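[1] structure, please.
(one chain, ligands or ions: 1)
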Amino acid sequence: MPNLQNTAYDSPVDVLTEDQARDALAALAQDLSDANKAYHTDDAPKIDDATYDHLKRKNAEIEARFPHLKRADSPSDQVGARAADGFSKVAHEIKMLSLGNAFDDADVFDFDERIRKYLNITTADETLAYTAEPKIDGVSLALTYKNGALITAATRGDGEIGENVTANALTIQDIPQHIENAPELLEVRGEVYMSHADFAALNARQEATGGKTFANPRNAAAGSLRQLDSTITSERPLRFFAYAWGVLSSPLADTQFASIERLAALGFAINPLTKICKSPEALIAHYTDIAAARADLGYDIDGVVYKVDALAYQRRLGFRSTTPRWAIAHKFPAELAWTRLNAIDIQVGRTGALSPVARLQPVTVGGVVVSNATLHNEDYIAGIGGDGQPIRDGQDIRCGDMVQVYRAGDVIPKIAAVDISKRTQSKPYVFPDHCPECASPAIREDGDAVRRCTGGLICPAQAVERLKHFVSRAAFDIEGLGAKQVAYFFDDDTLPVKEPADIFTLKDRDETGFTKLENRDGFGKTSVKKLFQAIDEKRTIPLNRLLFSLGIRHLGESSAALIARHYGGWATLERALTTATIGDGDIWDYLLSIDGVGAVMATSLVMAFQNPAERASIDRLIAQLDVQDMPQVALSQSPVAGKTVVFTGTLEKMTRAEAKARAESHGAKVSGSVSAKTDILVAGPGAGSKATKAETLGVTVLDEDAWIALIGEA
Ligand code: IVH
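    Okay, the predicted model is just below:
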């Protein structure tokens, strides 16, 4: 830890004697070097950014006054040692996705049924083969080989952009540096992990040398892979299993299983428990076998991954926004632990929802210390489930109760049970009927399990949550302005940011106002300049992001994109939503004709644009921005890009869901009803009134084969 007690650190530089200055520079060199090591080498920062910046500034000031005392190892000469982005970035040509989860047998049967339905393989005697293999609990890595040579290794990052850890990957024994008889371009994907034995030995070594110990093998693998100094990685015993691929110049094989075998033939380690299973029953049987073998594998796994074996089917099934339709992770049951519920706090979210949070006596569950758990809503606390039926045998939850906590996957911890034999509180918990933040009434609408604050924009909790949403990754994603910073500006009365528009006026207010950002709370000259630059860069924003960023209830990222694509530009969208009448008229009908937009979402959208206070806030924001029409660059290749398509009648080559997903992947908009805006009607046998209406309107009508030929998939 830095010697923050060193009085020289806080004394004005101009009162230091030469001796004091020499001592201070020595201490600063040591402390800053320790801080760098903790941050970069150990993945465990010991001081916050503001303290780090303060020490660095102090060092520079002392050096400026006593230039002859500047040390050979002066921290001033270590350029950008603290840069958070120490690795260069790699854009994944094919996104690195995550997997949907199955938690029980029923979910596995549903998965199989969903896929069969999508592919129209509905008779039980038609087999559908899957692969089943352990889900390795490590960190995913993408390895790109060109002409057989490993050229890049990249972490998953946010799925689109990862970190370039090539130098580190080159030190991992399981990763071949050269491969033969491989496609000219081959991206191999898999998991970097650490075995139990290696993990125990590493922690023992770290302890002996006073280094950082790791909580579990996964953290150890992640921390070791993300070392800026690859000699440290080379001393860490990392392993690698290959289980997938990204870009390829030629296919590896026709099936998942054969492709993985091909990777094995090229020299990659593949998991020996990978097996072909031809029914959900067989998948579950293999899952049970793997669960039984789990304790003796020697490395951590957290479930079993099922993948459709035929790659032609995988291609047809495609992807949802973040997960493939053709794969699922069947997770092992969560670990459980008993602890005391100390208190119930109420958090107010962006849309006013009052969410009860359990504050727990900290307890370790599956290697992680848990001190909070979600309590969902007031019915849940009272022992009533989402379907109105009793849960936990109707037992309510009270402060002071002993509760059983579990974690499933990466989700927020939940409460599984309550032990009423240990109950001390005689009265049930009373859920507040007023907002704890702004005191406005909090009401429950009919059929809604959630109680909401009615304060809208006057509620500081809602306002700050909206701002956090506004700057989040899928919204404005302003570098250097995350949730923490907007909360800071929200509370700062000298340079306040109370609504999104205020972010864009911050620079002007800083320049013209009395109080400056510079020199306050960790903001230096450079960081202020960078922040304003980052804000300016986001003044130009695509319509879909803008719409999502407004934080309108029921409007998620993909619906915002869908609506933006349908309206194309801000002016058109704004006009429609301002003049729409809820439940009536052409504009309303058009909104509802967008596949994926229902009455609830549409109502919420129209209300946001027609509520005077909300609308004024949106208008103030728009005045600061240049909203881009929806880009259709990647899709312009396809003759159906940007066209509105309606499917009717029976489709014979594919299911309706598949037809819709494929049309959308070609940039078409799929609508449920025919109108003057429809470009193409795809009519199968039995098409009725829609076909007649299309003909009257002069809309192009195609049969299924003509449609498939048009999108070039025949
Ligand atoms: S397949 C498109 N197979 O789990 C699907 N993933 O929750 C690609 N993982 O990010 C993933 N073992 O890091 C696949 N046998 C396995 C896996 C596996 C571990 C990880 C992977 C992925 C995460 C998804």
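[2] contacts only, for the residue most central in space within the chain.
    For the chain, the residue nearest the mean C-alpha position is Asp158 (6.8 Å; CA atoms, centre = their mean). Counting by CB atoms under 8 Å, 6 or more residues apart in numbering, Asp158 touches Arg473. To be clear about C-beta, it is placed using only N, CA and C from the backbone, and glycine gets the same treatment.
[3] mind doing that once more with 10 Å?
    Residues in contact with Asp158 (CB atoms under 10 Å, 6 or more residues apart in numbering) are 92, 95-96, 473-474.
[4] host element of the residue in the chain that the ligand sits nearest to?
    Minimum separation of the chain from the ligand (CB to the nearest ligand atom) falls at Ser140, amounting to 3.2 Å. If you go by DSSP states H and E, Ser140 is part of strand 139-146.
[5] so for that strand, mean pLDDT?
    Mean pLDDT, computed over strand 139-146, is 96.
[6] equivalent analysis for stretch 643-662, please.
    Here the average pLDDT along stretch 643-662 is 86.
[7] hey, C-alpha coordinates of that stretch in PDB?
    The C-alpha atoms that make up stretch 643-662 are tabulated as PDB, following Å, rounded to 0.1, in the frame of the first residue of the first chain:
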ATOM      1  CA  LYS A 643     -38.100  -3.900 -48.000                       C
ATOM      2  CA  THR A 644     -41.200  -4.700 -46.000                       C
ATOM      3  CA  VAL A 645     -42.200  -8.300 -46.400                       C
ATOM      4  CA  VAL A 646     -45.300 -10.100 -45.200                       C
ATOM      5  CA  PHE A 647     -45.600 -13.900 -45.100                       C
ATOM      6  CA  THR A 648     -49.000 -15.600 -45.500                       C
ATOM      7  CA  GLY A 649     -50.400 -19.100 -46.200                       C
ATOM      8  CA  THR A 650     -48.500 -22.300 -45.500                       C
ATOM      9  CA  LEU A 651     -44.800 -22.300 -46.000                       C
ATOM     10  CA  GLU A 652     -43.400 -25.600 -47.100                       C
ATOM     11  CA  LYS A 653     -39.600 -25.200 -47.000                       C
ATOM     12  CA  MET A 654     -39.300 -23.500 -43.700                       C
ATOM     13  CA  THR A 655     -41.300 -22.600 -40.700                       C
ATOM     14  CA  ARG A 656     -42.700 -19.100 -40.100                       C
ATOM     15  CA  ALA A 657     -40.200 -18.300 -37.400                       C
ATOM     16  CA  GLU A 658     -37.300 -19.300 -39.700                       C
ATOM     17  CA  ALA A 659     -38.700 -17.400 -42.600                       C
ATOM     18  CA  LYS A 660     -38.900 -14.300 -40.500                       C
ATOM     19  CA  ALA A 661     -35.400 -14.700 -39.100                       C
ATOM     20  CA  ARG A 662     -33.900 -15.300 -42.500                       C
END
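[8] go through it and flag the buried ones.
    Neighbour-count burial for stretch 643-662, counted by 16 or more other CB atoms under 10 Å, picks out 643-649, 651, 654-655, 658-662.
[9] what's the answer for stretch 699-709, then?
    In stretch 699-709, counting by 16+ other CB under 10 Å, buried: 699, 701, 703-704, 707-708.
[10] pLDDT of stretch 109-127, averaged?
    93.
[11] same check, this time on stretch 548-561
    91.
[12] about what we covered before: partner strands of the strand holding Ser140, with direction?
    Strand pairing for strand 139-146, determined by DSSP bridges: strand 149-155 (antiparallel), strand 185-193 (antiparallel).
[13] got CSV for the ones you listed, with distance to Asp679, mean pLDDT and mean neighbour count too?
    Formatted as CSV, the strands paired with strand 139-146 follow (distance: least, CB to CB, whole Å; pLDDT from 0 to 100; neighbours: other CB atoms under 10 Å):
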stretch, distance to Asp679, mean pLDDT, mean neighbour count
strand 149-155, 40, 95, 19
strand 185-193, 37, 98, 23
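[14] can I get those strands in JSON lines with distance to Thr578?
    Output for the strands paired with strand 139-146, formatted as JSON lines (distance: least, CB to CB, whole Å):
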{"stretch": "strand 149-155", "distance to Thr578": "45"}
{"stretch": "strand 185-193", "distance to Thr578": "47"}
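[15] please name whichever of those strands is nearest to Ile552.
    strand 149-155 (33.5 Å; CB to CB).
[16] that closest one: what's the following helix or strand?
    Following strand 149-155 in sequence order, the next helix or strand is strand 161-163 (DSSP H and E).
[17] tell me what that following strand is packed against?
    strand 89-91, strand 139-146, strand 149-155 (3 or more CB pairs under 10 Å, 6 or more residues apart in numbering; DSSP states H and E).
[18] what average pLDDT does whichever helix or strand comes after the shortest one get?
    Same thing as strand 89-91. Per DSSP H and E, the first helix or strand lying C-terminal to strand 89-91 is strand 101-102. The pLDDT scores in strand 101-102 average 92.
[19] what does stretch 217-233 give?
    On average, stretch 217-233 scores 91.
[20] is any part of it close to the ligand?
    No. If you take CB under 6 Å from any ligand atom as the test, stretch 217-233 misses the ligand, and the best it gets is 10.4 Å.
[21] span of that stretch from start to end?
    14 Å (CA to CA, to the nearest Å).
[22] list the buried residues for that stretch?
    Neighbour-count burial for stretch 217-233 [16+ other CB under 10 Å]: 217-228, 232-233.
[23] centre of the chain to that stretch, how far?
    Relative to its chain's centre, stretch 217-233 lies at 22 Å (CA atoms, centre = their mean, to the nearest Å).
[24] quick check: what element follows the helix or strand that contains Ile232 along the chain?
    Mapping Ile232 onto the secondary structure by DSSP H and E places it in helix 230-234. As assigned by DSSP H and E, the chain's next helix or strand after helix 230-234 is strand 239-248.
[25] packing partners of that next one?
    By 3+ CB pairs under 10 Å, 6+ apart, strand 239-248 packs against strand 130-136, strand 139-146, strand 185-193, helix 256-265, strand 301-308.
[26] got the buried residues for that strand?
    239-246, 248.
[27] out of those residues, who's near the ligand?
    Within the buried residues of strand 239-248, those near the ligand by CB under 6 Å from any ligand atom are 243-244.
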